[in-house]
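Visitor: predicted model and sequence follow; I will ask about them next.
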Amino acid sequence: MLVKLYGSAVFGVEAQTITIEVNTVRGIGYHLVGLPDNAIRESSYRIQAALKNNNFEFPGKRITINMAPADLRKEGSAYDLSIALGIMGASSQLETEKLDQYIIMGELSLDGGLQPIKGALPIAIKAKEEGYKGFILPIQNAKEAAIVDGLDVHGIENISEVVDFFNKGTELEKTTVNLKELFYENLAHPEFDFADVKGQESIKRCMEIAAAGGHNIIMIGPPGSGKTMLAKRLPSILPPMSLDEALETTKIHSVVGKVKENVGLMSERPFRSPHHTISDVALVGGGTYPQPGEISLSHNGVLFLDELPEFKRTVLEVMRQPLEDREVTISRAKFTVTYPSSFMLVASMNPSPGGYFNDPEAPVSSSPAEMQRYLSKISGPLLDRIDIHIEVTPVPFDKLSDERKGESSVEIRKRVTKAREIQTQRFNSTEKIHYNAQMGVKQIRTFCALDEASKTMLKTAMERLNLSARAYDRILKVARTIADLEASEQIQTTHISEAIQYRSLDRDGWLG
């Protein structure tokens, strides 16, 4: 007897429907075809134990299972449930009339329980597009898939629940989520709040500017000055994600199984902080069967690289193209996948190998030559993509011991959001540009016009501080953001003077 039912495979961040054909005839044998990987090949052992432990029979016949399209490689253990139901249908233990109305996915335990799967959200989106009535999957992934409207999502705990559904008509509970409630519940109470930061008012101001314009930022300072603490609080002042951004971000995390159990939609912007021993493949994505890397998991959020010079140079260099194009394309012999990677880069570093520079009271000091060698690990082209450089100094005792709370992230976010709204209107007719950091030369010339006084100030600063040519456009972009925070149509001399302060590494004595 031949039975057809449907599962799904995820490639990149998109799903593709897989037809699972199960045929039983007289004889002995278990044949699985259609380019399955080892995890799928081992499914027969899990399926056999799960069926027997739930008082079902594993047929003593010749079983042939084809996963179509047969030239597309299938991987993972998420096909266990669909293959098991196909075997039961082909051996007349399961009513097959409604099987073709559902996408069925799930990894089986030996007792028939269901383990969570990866990629539930893109699979649900594809199921709705192709007109399936419902999606049957492990209960741990149900909220994630239920984000998709117009699709019946049934989260189950055991294979016997599905068998009763098809054989006896027992109703399976539908999972529903309140998108609005999910989306806004964490916005008013961020986990990390700028109110907890003592002192560092100038750095907070710098972070606000970076958030308002989407600028990449690097912080240079000795150990214990608060660089990591400040970086962790940056997502709390970024504008709230739109629903489209939240769906896109959740989709990427779903593919790698990083969505928290029973969370569903990701409403908070991601914050990723990989260790400096990370490989280039782990950072940008890839592998034999490509998976998203850290830069894609940071999409619509923040990628924090602590101790930037400690990262391997090859790892840092592979970020240059994604920083520019805001997407990364991974090519293999038989297919190509593209992952979005529009993120804010926040980096931190010590000014020298010992962590201190020109500080006579420091426990470890470094010579100018040692510092220069240390800083030269960061290439000019990568530094060219970082708009703001800021020096972070240690917080004095009187500030640390002050009991008063600082300004909260919620208040700062209101100003940032207003500035972003101005930029959204400004770039409304420009494709792929949504905020100031994304401006090209053409937009800079159009929207960053200077009066004579500002031009004179910028010229003097570049000559006296020995600023490099690459600093020019960066200063204009940052000045435009400062003006937007003040709701000023024109860039003023005060905006230019503040932006000039944020180019520490371009000054003579840092990187030459």
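Guide: Yep, that arrived. Since we're looking at a predicted model, the values are computed, not measured.
Visitor: for residue 7, see how far away residue 81 is.
Guide: As defined by C-beta to C-beta, to the nearest Å, residue 81 lies at a distance of 8 Å from residue 7. From N, CA and C alone the C-beta is placed, and that goes for glycine too.
Visitor: with residue 112 instead?
Guide: 18 Å.
Visitor: after the host helix or strand of residue 454 comes which helix or strand?
Guide: Assessed by DSSP states H and E, residue 454 sits inside helix 452-464. Using DSSP H and E, the helix or strand that follows helix 452-464 in sequence is helix 470-485.
Visitor: residues of the very next helix or strand once past that following helix that come out buried?
Guide: With elements assigned by DSSP H and E, the helix or strand that comes after helix 470-485 is helix 493-501. Within helix 493-501, the residues scored as buried using 16 or more other C-beta atoms under 10 Å are 493, 495, 496, 497, 498, 499, 500, 501.
Visitor: residues contacting the second one?
Guide: Counting by C-beta atoms under 8 Å, 6 or more residues apart in numbering, residue 495 makes contact with 454, 479, 480, 482, 483, 486, 488.
Visitor: ok, those residues vs residue 154, which is closest?
Guide: The nearest member of the contacts of residue 495 to residue 154, counting by C-beta to C-beta, is residue 480 at 50.8 Å.
Visitor: in this protein, where is pLDDT below threshold?
Guide: 180-190, 262-263, 354-366, 397, 400-401, 469-470, 506-512 (pLDDT under 70).
Visitor: name the residue closest to the centre of it, please.
Guide: Of all residues in the chain, the one closest to the mean position by C-alpha atoms, centre = their mean is residue 297, 2.3 Å from it.
Visitor: can you report how many residues lie near residue 10?
Guide: By other C-beta atoms under 10 Å, the residues close to residue 10 number 24.
Visitor: so what's it up against?
Guide: So residue 10 contacts 16, 118, 119, 122, 123, 255 (C-beta under 8 Å, 6+ apart).
Visitor: out of those residues, name the ones that lie in helices.
Guide: Assignment to helices by DSSP state H places the following of those there: 122, 123, 255.
Visitor: is it possible to get JSON lines of the residues you listed that adds distance to residue 165 and neighbour count?
Guide: Shown next, in JSON lines, are those (distance: C-beta to C-beta, whole Å; neighbours: other C-beta atoms under 10 Å):
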{"residue": "122", "distance to residue 165": "24", "neighbour count": "24"}
{"residue": "123", "distance to residue 165": "19", "neighbour count": "30"}
{"residue": "255", "distance to residue 165": "28", "neighbour count": "26"}
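Visitor: so where does residue 83 fall, helix or strand?
Guide: Judged by DSSP H and E, residue 83 forms part of helix 80-90.
Visitor: what is that helix packed up against?
Guide: If you count contacts as 3 or more C-beta pairs under 8 Å, 6 or more residues apart in numbering; DSSP states H and E, helix 80-90 packs onto strand 2-11, strand 14-25, helix 43-52, strand 62-68, strand 102-104, strand 107-108, helix 159-168.
Visitor: tell me which of these sits most buried.
Guide: strand 102-104 (a mean of 25; mean count of other C-beta atoms under 10 Å).
Visitor: that one - contacts with which helices or strands?
Guide: Secondary-structure packing of strand 102-104 (3+ C-beta pairs under 8 Å, 6+ apart): strand 2-11, helix 80-90, helix 120-129, strand 134-138.
Visitor: for it, give me every contacting residue.
Guide: Contacts for strand 102-104 (C-beta under 8 Å, 6+ apart): 5-8, 17, 81-82, 85, 123-124, 127, 132-137, 162.
Visitor: how about stretch 163-183?
Guide: Stretch 163-183 has contacts (C-beta under 8 Å, 6+ apart) with 54, 56, 85, 88, 93-96, 98-99, 136, 139, 142-143, 145-147, 152-156, 161-162, 243, 246, 264-265, 267.
Visitor: any quick ChimeraX command for the buried ones out of these?
Guide: The buried residues among these can be selected in ChimeraX (16+ other C-beta under 10 Å) with this line:
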select :56,85,88,93,94,96,99,136,139,142,143,145,146,147,152,153,154,155,156,161,162,246,264,265,267
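Visitor: restricted to strands, list the contacts of stretch 163-183.
Guide: With DSSP state E as the criterion, strands contain 136, 152, 153, 154, 155, 156 from among these.
Visitor: so the last one sits right up against residue 140, yeah?
Guide: So that's residue 156. No: counting by C-beta atoms under 8 Å, residue 156 sits too far from residue 140 to count as a contact (10.3 Å).
Visitor: what do the two both touch?
Guide: Joint contacts of residue 156 and residue 140 (C-beta under 8 Å, 6+ apart) are residue 114.
Visitor: who touches residue 96 in this structure?
Guide: By C-beta under 8 Å, 6+ apart, residue 96 lies in contact with 3, 5, 89, 166.
Visitor: adding distance to residue 473, write those residues out as CSV.
Guide: Shown next, in CSV, are the contacts of residue 96 (distance: C-beta to C-beta, whole Å):
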residue, distance to residue 473
3, 63
5, 57
89, 64
166, 63
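Visitor: quick check: the farthest pair among these?
Guide: Pairwise over these, using C-beta to C-beta, the maximum falls at 3 and 166, 11.5 Å.
Visitor: now the terminal residues of stretch 419-433, how far apart.
Guide: When the termini of stretch 419-433 are compared using C-alpha to C-alpha, to the nearest Å, they are 15 Å apart.
Visitor: which positions in that stretch come out as buried?
Guide: Neighbour counts over stretch 419-433 (16+ other C-beta under 10 Å) mark 419, 420, 422, 423, 426, 427, 433 as buried.
Visitor: between the residues you listed, which is nearest residue 333?
Guide: For these, the residue nearest residue 333 by C-beta to C-beta is residue 433; the value is 34.7 Å.
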